[in-house]
Structures are given as C-alpha cells and as structure tokens.
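# Mind folding the following:
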Amino acid sequence: MQIESGIDTQLRDASRLTHAAWAVLAERVGGVWLLRSSCHLSKTAKRKLMDMMGNSSVDAWLCGALSGGYVRSTSIPEERKIKGKRYYAFPISGTSQVILAGADHFSTEAQRIWKLTASLLSGHSASPNQPFLPDLQSGLAFDLPAALEKALGAFVQAAHCQGAWLAIRRGEALDIQAEWNTPKARGMSLLIEENPVFRRVNRSLSDVVIARGQPNWDNIPRAFLKPGSTTWMSLPLVIGQRLIGVVSLWRERDFSLTERGQLRELASRVSPTVEIVVTVSEMTAHLRRLGLLNDFVLTVSSAQNLDQIARRMLGLLSRAFNTELVALFLRSSDGRVLRDYRAFEGKLNVVNVSLLGHPMQAVLKEGRARRFSDSTKDGFIGVHKDARSELIVPLRYRGQSNGVLVIGNAYAEAFSQYDEHLMVVIASHLAGLVEYTRLREEAEGRARSLGLIHEVVQQVIGLNDKKEVASITAELVAQYFRYELAVILLEDDDGKFSVPGIGGAHAGMVSTALADDEFIKPDGVTGHVARTGESVMINDTLKEKLYKPIRGWEAKSEICVAVKDGENILGIVDVESREPNAFSHNDLISMESLAGILASVISSANQYQKLQETVRQLRMTEAELKARMEAQRSAENRLLQAAKLAAVGEMAAGIAHELNNPLTTVTGFSEIVLGELPEDSSSRKEMEMVLREARRASDVVRRLLDFSRQGSYSRTRADLNEVVNDVIALTRHLIQNSNVSLTLRLDESLPWVSIDSNQMKQVLLNLIHNALQAMKEGGELQVRTLQKERDSRKWVVMSVRDSGVGIDAEEQARIFEPFYTTKADQGGTGLGLSVTYGIVADHGGTIEITSEPGGGSLFEVWLPL
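Numbers count the residues shown, from 1 in each chain. Okay, here's the model as predicted:
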C-alpha cells in the first residue's frame, strides 16, 4: 500500500507541474491493460479510458511504445469524451508498464518531467507479479499463464520487438500460451513437423533467424507479422536434449549478434523455470482431475433428473480439463434419438437429434473409448468445430451403451492415457446413474401423462356428440401436453375422414390451410395409419418419405395414432411440432393410451347418436301418425258436418216452402188491416205485433232458403282485404257504440283469392256480430289477414279475435251445428255460424275456433290459394 501511495503522489505532483488533465499508470497483463494508479479521473472516465485501451489498434500502439522504449503521443477521439485533446505514453523501462497523461499539449519541459517520473518508477513495479529478471522464478509455480507472460516479457524487454509469443510443446505440437502485441496468436496450436522453421528448431535445438527475402520467410505464419516486420527469430527452450517450448520474436530491424547472445542466454535461464512451472501445472491438473470422482459422488450422483446430471457433469469436466468443449450425448429409450447436452456461456443447451447417421452412432455401437491427439489424424470426429484434440468415452451399462461423453480441446495432444482411463471409470458410474434416472423419469412421465389423460377423459366422458368429443380433446391435449398442434380426425358414415378437432398454438393456421387442402394424405403418414392402423412416430420429417405436408404448415416431428374399436378404425390422433426430435417414446405411449380411451368414448357416442336417431325417427313417425289421425278426424268431422248441413238444408228447403206462403198471406193481410185501422184503435198494437212476428218468421224462412241454396253463388279472384274494409265500414258505428276498441291488421302483400265477395262479407259480418254479443260490457276486437303455410300448401287466413266471455269445450263441439244456439233468449236462431261454416267449406276452406271461458275467442277462416 505504501508503494501505491507513493506512485499516486508522484502522478499527482507531475500532473500539477505539467498542467496535465489526467494521468494513469497502466500495465499489460495477459494481453489486457490494467490501471494500477490514476490521477484526476472519475470512475466513468476510467471506464472509457480502459475501453479505448482495449481497442486492438491502441493496444498495438502502446505495445510499440513499450518495446521501443520511446515516448509517443496521439489525439483522443472526440466520441470518447475524455479530457484533453491528446494523450502521451511514457514507457517504464524493464516493465510492462506505461504512464499515460492527457493534455491539450505538452511542452518539451513537461515531457521531460514525465520522462523523469517514469525513470523514477522503473524500480517500483505497481504489481507484485512483475519482478525483475533475477527474481524470475519466484511465485511462478502457482500461476502458469502469469509465469509465461512474465517470461515472455523478459524477452520483449531484451529485444525491443514488434511482437512475440511463447509456446509450450505438447506432443508434436506447439501451443501458444503467452503473447506480446499479437492477441490472435494466443490459443493457437502449431504442428512442429508441418512447418520447416519449427522442424529445424526442434531438430537443431538452436535459434533460427530469418530475414525478409530468405527462402523460409514464406513459411513463417503471416498472421503474426506486422507490415514493417523484416526479421523473425525463434528461440528453443531446452532441457537437456529435449525441446519444451519455443519463443518467437519479430521486428523491423535485424537482431545483432550481441542481442542474439543475450536472448540465447535468457532462454537457457528461463527454460528450467518454464519446465518447473509446466510440470507443477500438470501435476495440479492431475490432482484436480482425481478430485472428479469425489465431486461426481458428491454432486452429480445427487442430481434429480437427466438435465441436472448433464449440467453438473459438464461443469465438472469443464473445470477439470480447463475447456468449454464438453458434450454429453444420451440415447433415448427407443434408441432412435440422441439428446445432445452442451454448456454455452454458463447455460445448458439441449437439442434432440436423430441417431441415424450421427457420428455417435458408430461410437455407441462399438462401445470403445477413443483418444485423438490431433484433428489431422484419421478417425477424428470433431464434435466441436474448434477442437484440435478429442477424448470420446461411451457410457456402458450392462453391456449396452446409453450415451457418450466427449471432451475437446483447442490444443493438440491435450489428453493423456491417464485422462482416458480416468474418464472410462467416471463414464461407467455415470452410465448406471443415467439409466436409473431415465427409468425413474420415464415412470414419472408416464404417470404424469396418465394423469393428464385422465383429466382429458374426465371432461369428455359424459359427452354424447363425437364431434364435440374430438374438438375438446384436441384442445386439451395441446394444452396439457404443450404440443404445438393436436388434431383429432373422425371417420364419417361414408368412410371419409373429417377434422372436427384442432388444438394448439398453430390451430388457426392449420384450419385456414385446410380450407384448400386435405389433412388426410392417402400416400402420407395419416393415410398409412388410416389404412393399417399402425402407429407412426417421426422425429425428422425431412428424412421420412411418408411425410406429406399441407400447404402453409410443415412440421419437423409427428406422432400419428389410430383410434380403433377392435379392427374398426374410428379416427386418428395426430400431434406435430416444428422442432425436430420433439417427441419421445413416452409421448407415443401416451397418445396410444389416449386413443384407446377415445375409442370407447367415441363408440359410446356413436351408439348414443344412433339411439337418438332411432328415437327421433320414432317421434317423427308418431307425430306423422298423429297428424294423419288428426287430419282424418278433421275430415270425418267435416264430412259429418257437411252431411248434417245437407240434411238440414233439405229439410229447411221443404219447411221454407211450406211456411213461406202462409207467412206471405199473414204479412199481407196484416199490412192491409193496419192500413185501415185508425191510429187510436185499441187493436192497432196487437196487429203491429202480429206483423212484426210474421216478418221475423219470414226472415227465418229466408235464412233457411239461403242455407239450402249454398254453392249457387259465383266466385272471382278478389282482394280479401277489400272485403274486410267494406264490412268494417258497415260495422264501425256499431262497434264504437258497443264500447269496443277495434284493431285492424291487414297484410298488404296478401295475394288475391278465389271467393264470392258477398258470401265472405256475410261470413265476416256473422263473426263480428257474434264477437260483439260476447262483449256486452265492451272490450277489444282484432281483425287480421295474413298468409300462412300448412300441410305443404299456402293459405290466406282471416281471423277475428275478441276479449269476451269465451266458449267452453262442450259448446265448441256443437257450435257449428244448425239451430244450436246459446242465445235463444236473445232471439238467436242457431243458423249464423252454420251458414258461415257452410260458406267457408263451400270455398274449400275451413274455420277453426280457439277459446276458453273468460279468455275470449279466436275464429280463423282458412281459404286455399
């Protein structure tokens, strides 16, 4: 803390003397610039400065200042919004540190002050990880990347180069693990025998210097060189006669003999330290991997499901082997699908892929571990595209492979035989755990599916309409099982399939598509299931010839199951997804179970519908028989009434003729006698009564003659509304005097009908008079015309409704009989309704009455068109 406090003071004093806007001490560690101390910079400004220093061009500019050991300055981009127009770099000799100071401009004197400050700091490293060369071995054994960065820094400071890297030998490859001013080099793996330069270094164990224009210049990896680079130097790191690593440097001028000697001496001094660091690092890695078995027991074995097992296993392997290139493949219980587990940015990614044709198919079949030291070797699978080496270990359980573990590394020769043996042991334990967990999950999944199926069945079991059953089932299956599309098809009586049920997120889209397309494809999956009754599960429709999409919808996975009652196919259950490998064997079993229960429900619904149809037909037959019997009874009544009227008519004609002559004589002589009697005669009142009764008897005789002469009138097509209006005009005064309100409702579109207008007027007059007599205390009278249809025939109806005393059922049965009257004390003759009935019947129509005591009466006259 005292050193850092002193550095802060020196930066503050120098800033005050030079009027600097800000100043920082920055250090390059592991290819990243870190701020060790700062002056006059807010947190926001520090963050913006570090973002700027992270830019590759700025990084190269700063590395150039360090390697060259001279002061540099450049303008600050306006978008950075950092105080000062320019910033200056003052390298600290012997370190990877630089002082950056911002100002509009530094004078020569100001720059001299900052150079002096940098020289004072050259003996005070801000980082305990950056000692002087004599302390190169201290504290390195515990951090391989930091140790290699420090070692490479010593070479850079000694040679003032443009760029450099340090590679450790692993097998037949050089893995670059530290770099200077060439970020893209870190992590690269270079095969020794494929490059003449590195092959020469390996065989000669001596340094190689190549200048631009020499034969091997083109064999140098060009990605590392700068545009102005003219010289390349590779220095071997040797222990005894064994190459353990290579340091390569390049710059824009030649390496002098003195520099080459210094670099060779430095390489010889660094090599033992690098050997120790690498050895300790490998031992640490081995110890870490040995802890895998313990971690496996403590963490992986306690996982509750396959996803949790995969997540923990991938995390353990990633930490133990220091690589993100780890994958776990688990085979489904039906052996058709691989579940691919990988970790990406801390999240577990799971993808279902088809086993057929997959690279892991051969590994599962062979059941043998494979270790590839380099991607160029035959048989290299390359599960991870960035892998240079791979370790592939199958999970064996009771002689069968149920999965595969794959560990990749960006470096060649990353795995040893020891690693392979360790992973075989872990894989054998993992295989048993996976199998046990899979069986438990499948049992739980099937129980859960049966529970969902039970919920579906509970909601449709009481339904008697099979189309409603299909519709509700499709929606519930999609909802409960979270399927993208669920379709229930039913076979019609004519053997064709319809789609009464569609559910899922894409139900609307598919329904629209089915307006122009058929869901059943004779040569497709649904057609095959409809013909054979066999269930089909497809997890990659692109590889299945049976799959035939409908327009506007194309699935990647499909399950199709027949709904069968014995050998009879009642329908189809079809579920689909746009994701490949979306369904498991458990889904197939669930849909087959649902189809079996649906078969019973649909069969019951079919039987119920057949029973309902039989009942409906019986009811129709009953109604038809009742109608026929009623029509027959009505016809018989009309015939009986007609016979009565005919008999009465014949009798009435005879009586009328017998009575007419005496009545004429009585009337005539009465009129003569009355004409001769004086006004004050005592006999005049009696004679007037005789004349009045004789005339009433004559009127009865006239009615009898009218009754006997029905059918003798002429008929023409006339407007019934006009007949009604004429009668209303004649009776309106009488209606008003009777304290009766009249409502007239005439159908203006009423067609003309063939009638005798005078007779129809007589009919309506009789009905209105009867209605008025039924409303002694006043009431409401409604006269209406309209058109109706009955017995497949069109009729014109004229109705008269009153609010009078009503007529009981016994009187309704005799009301149209001649001479039957309930108003004998009021002078009623019983011929009015009989004459009315006869006129209507003579027109081919009928008159109907609807009445009850106290509820008024409705008379309807039906005339055929």
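# Contacts only, for residue 775.
738, 740, 781, 802-805 (CB atoms under 8 Å, 6 or more residues apart in numbering). C-beta coordinates here come from the backbone N, C-alpha and C atoms, glycine included.
# Now tabulate these in JSON lines and tack on neighbour count, distance to residue 101 and pLDDT.
Listed next are the contacts of residue 775 as JSON lines, based on neighbours: other CB atoms under 10 Å; distance: CB to CB, whole Å; pLDDT from 0 to 100:
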{"residue": "738", "neighbour count": "17", "distance to residue 101": "122", "pLDDT": "91"}
{"residue": "740", "neighbour count": "20", "distance to residue 101": "118", "pLDDT": "93"}
{"residue": "781", "neighbour count": "24", "distance to residue 101": "116", "pLDDT": "95"}
{"residue": "802", "neighbour count": "24", "distance to residue 101": "117", "pLDDT": "95"}
{"residue": "803", "neighbour count": "19", "distance to residue 101": "114", "pLDDT": "94"}
{"residue": "804", "neighbour count": "24", "distance to residue 101": "119", "pLDDT": "92"}
{"residue": "805", "neighbour count": "19", "distance to residue 101": "121", "pLDDT": "91"}
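# any idea which of those is closest to residue 561?
For those, the minimum distance to residue 561 (CB to CB) is 68.6 Å, reached by residue 803.
# List the backbone torsions phi and psi for that closest one.
phi -110, psi 30 (degrees, to the nearest 10).
# Strands - which of the contacts of residue 775 land there?
Of the positions in the contacts of residue 775, 740, 781, 802 sit in strands, assigned by DSSP state E.
# okay, those residues in TSV with distance to residue 120 next?
Converted to TSV, those look like this (distance: CB to CB, whole Å):
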residue	distance to residue 120
740	129
781	127
802	128
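# For residue 753, state which of those is nearest.
residue 781 (22.9 Å).
# you'd agree residue 209 is in a strand?
Yes: applying DSSP: H, G, I helix; E, B strand; the rest coil, one finds residue 209 inside a strand.
# List the beta-bridge partners for it.
residue 233 (DSSP bridges).
# Residue 486 now?
If you apply DSSP bridges, the partners that residue 486 bridges to are residue 503, residue 575.
# wouldn't it be in contact with residue 587 here?
No: with contact defined as CB atoms under 8 Å, residue 486 and residue 587 do not form a contacting pair (11.5 Å).
# Find residues that contact each of the two.
Counting by CB under 8 Å, 6+ apart, the residues touching both residue 486 and residue 587 are residue 575.
# These two: which has the busier surroundings?
residue 486 (26 against 19; other CB atoms under 10 Å).
# could you list every residue that touches residue 64?
Contacts of residue 64 by CB under 8 Å, 6+ apart are 72, 162, 181.
# can you pull the buried residues of the helix or strand encompassing it?
Assessed by DSSP states H and E, residue 64 sits inside helix 56-68. Neighbour counts using 16 or more other CB atoms under 10 Å place 58-59, 62-67 of helix 56-68 among the buried residues.
# and residue 611, how many residues sit next to it?
11.
# can you give me the mean pLDDT across the helix or strand hosting it?
Using DSSP H and E, residue 611 falls within helix 585-676. Averaged across helix 585-676, pLDDT comes to 76.
# Residue 537 contacts residue 588, correct?
Yes: between residue 537 and residue 588 there is a contact at 4.8 Å, judged by CB under 8 Å.
# so what sits against both of the two?
residue 559.
# returning to what we had before: which other helices and strands contact the helix or strand following the helix holding residue 64?
Going down the chain from helix 56-68, the next helix or strand is strand 72-75, by DSSP H and E. Contacts defined by 3 or more CB pairs under 8 Å, 6 or more residues apart in numbering; DSSP states H and E place strand 72-75 against helix 56-68, strand 86-91.
# in strand 72-75, what counts as buried?
In strand 72-75, counting by 16+ other CB under 10 Å, buried: 72-73.
# Same list (the buried residues of helix 56-68) but as a markdown table, adding distance to residue 84 and pLDDT.
Supplementary listing: the buried residues of helix 56-68 in a markdown table, determined by distance: CB to CB, whole Å; pLDDT from 0 to 100:
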| residue | distance to residue 84 | pLDDT |
| --- | --- | --- |
| 58 | 15 | 89 |
| 59 | 20 | 86 |
| 62 | 17 | 89 |
| 63 | 22 | 84 |
| 64 | 21 | 81 |
| 65 | 17 | 84 |
| 66 | 21 | 82 |
| 67 | 25 | 76 |
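# of those residues, closest to residue 578?
Checking the buried residues of helix 56-68 one by one against residue 578 (CB to CB), the nearest turns out to be residue 59, at 45.5 Å.
# Could you double-check that the closest one sits in contact with residue 181?
Yes: Residue 59 is within contact range of residue 181, at 7.2 Å (criterion: CB under 8 Å).
# of the helices and strands packed on strand 72-75, which approaches residue 603 most closely?
helix 56-68 (74.0 Å).
# ok and that closest one relative to strand 86-91, angle-wise?
Counting by axes from the mean of the first three to the mean of the last three CA atoms, to 10 degrees, helix 56-68 lies at 40 degrees to strand 86-91.
# Distance from the chain centre to helix 56-68, please.
Offset of helix 56-68 from its chain centre (CA atoms, centre = their mean, to the nearest Å): 54 Å.
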